[in-house]
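Enquirer: Dropping the sequence and predicted coords here.
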Amino acid sequence: MGTLSRMILLGLGMMLGLGLSVRQAAADEPVVFPDIQRIVDAGTIRVAIRALDAAPMIMTDADGAPSGSEPDLARDLAKKLGVKVTFVRTAETYDEVVDLVARKEADIAVSYLSGGVQRARYVYFSRPYIRQSGRLAYNRAHFARLRRDYGIENLRAIEGIPEAALLEVGVIAGSVYETNLERDFPGSRLRRFENLNDMMAALRNGDIFAVMNGGLQLDYYLRSNPATAIYVAVDPDIRQPDEIRIAIRPDAPNLLRWVDLYLANHVGMLEDSEIVQRYLNREQPIE
């Protein structure tokens, strides 16, 4: 065999060996689920959060960037996934945040979201990472008058007085508490607000009798604005169990499983008091 023939055979052998090694490397590389690969290929995960602030979970820093416990969580989740985060902040209500994910305009929503059977018809929900209760706060002077006029001792007794149907309870529009109040207290007159600040101002001034909202946000507001406690109290007995979850687009079941593992391994179950304390000094009091 001539020198040229030996060189050709050697070259073919090297090419064959290279081809085998490439195929072996491809075979050894794990296959990424398509719904996760889509995010990896894009290099970013789109995270929906509510456009309006809801301190301490959702806030806006001096540069206009999202801040607070939910954006911080979203940034860490993206880091663990190996991508950047792109915030989608166009929804004004919590229901509209869920709609963004349902329409696949966002991959997930980290926006202080309660689950609920209605929302779960459109999106996946992760395991809970914050456990809190919906709490009822009321105007002290208004309740004192009702006690004097009707001899009642607690808020639950109000349902039996003639004035009950005239009392207004404030809720954040598009929140789970709007649905819950309509279901559990059908006789209540609801007044819907865009944000907690306006709702609490109405409660403090006596324009409404009470409000129903997440205990975490109420606690943060009252500790940021201690003078409010002169006019407003939180009922110790009325509680609506509530768990905060991440919403995942409906065509991403493997992303859901990854998010659940992330929450279990890196976040756990957060205490609402811990979140309040962590973010309490990051912005000035609302008053």
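Expert: Great, that's in hand. Numbering: from 1, shown residues only.
Enquirer: Okay, now the unreliable bits of the stretch 1-150 of the chain?
Expert: Counting by pLDDT under 70, the stretch 1-150 of the chain has low-confidence residues at 1-31.
Enquirer: what about the strands in it?
Expert: With DSSP state E, counting those that start in this stretch as the definition, the stretch 1-150 of the chain shows strands at residue ranges 44-50, 59-60, 66-67, 84-91, 108-114, 124-125, 130-139.
Enquirer: I'd like to check which residues are in contact with G116.
Expert: Residues counted as contacts of G116 (C-beta atoms under 8 Å, 6 or more residues apart in numbering) are 176, 179. Just so you know, the C-beta spots here come from the backbone N, C-alpha and C atoms, and that holds for glycine as well.
Enquirer: for it, phi and psi?
Expert: Dihedral pair for G116: phi 100, psi 140, per degrees, to the nearest 10.
Enquirer: could we number from 48 for the rest of this?
Expert: That works, and once the first residue is 48, the last one we named lands at G163.
Enquirer: What separation is there between it and S173?
Expert: Separation of G163 from S173 (C-beta to C-beta, to the nearest Å): 14 Å.
Enquirer: now the strands of the stretch 48-197 of the chain in JSON lines, with distance to V323 and mean neighbour count?
Expert: As requested, the strands of the stretch 48-197 of the chain are exported to JSON lines (distance: least, C-beta to C-beta, whole Å; neighbours: other C-beta atoms under 10 Å):
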{"stretch": "strand 91-97", "distance to V323": "18", "mean neighbour count": "23"}
{"stretch": "strand 106-107", "distance to V323": "13", "mean neighbour count": "18"}
{"stretch": "strand 113-114", "distance to V323": "15", "mean neighbour count": "22"}
{"stretch": "strand 131-138", "distance to V323": "23", "mean neighbour count": "18"}
{"stretch": "strand 155-161", "distance to V323": "13", "mean neighbour count": "28"}
{"stretch": "strand 171-172", "distance to V323": "24", "mean neighbour count": "22"}
{"stretch": "strand 177-186", "distance to V323": "10", "mean neighbour count": "22"}
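Enquirer: I'd like to know which of those strands is closest to P209.
Expert: With C-beta to C-beta as the criterion, P209 lies closest to strand 177-186 of the strands of the stretch 48-197 of the chain, at 18.3 Å.
Enquirer: That closest one pairs with which strands, parallel or anti?
Expert: Using DSSP bridges, strand 177-186 pairs in its sheet with strand 257-261 (antiparallel), strand 279-295 (antiparallel), strand 317-318 (parallel).
Enquirer: hey, which of those strands is tucked in deepest?
Expert: Most buried of the strands paired with strand 177-186, by mean neighbour count (mean count of other C-beta atoms under 10 Å): strand 257-261, with a mean of 25.
Enquirer: any weak-confidence spans in the stretch 198-334 of the chain?
Expert: Looking at the stretch 198-334 of the chain by pLDDT under 70, you get 231-234, 328-334.
Enquirer: could you pull out the helices for it?
Expert: 223-231, 243-251, 262-271, 300-309, 319-326 (DSSP state H, counting those that start in this stretch).
Enquirer: so what does the third one touch, helix or strand wise?
Expert: When contacts are defined as 3 or more C-beta pairs under 8 Å, 6 or more residues apart in numbering; DSSP states H and E, helix 262-271 sits against strand 177-186, helix 243-251, strand 279-295, helix 319-326.
Enquirer: Identify the residues contacting the residue nearest to N242 when sequence neighbours are not counted.
Expert: Excluding the flanking residues, the one nearest N242 by C-beta to C-beta, 6 or more residues apart in numbering is L99, at 5.4 Å. The neighbours of L99, taking C-beta under 8 Å, 6+ apart as the test, are 105, 139, 241-242.
Enquirer: Please convert the buried members of those into ChimeraX selection syntax.
Expert: Applied in ChimeraX, the following selects the buried portion of the contacts of L99 according to 16 or more other C-beta atoms under 10 Å:
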select :105,242
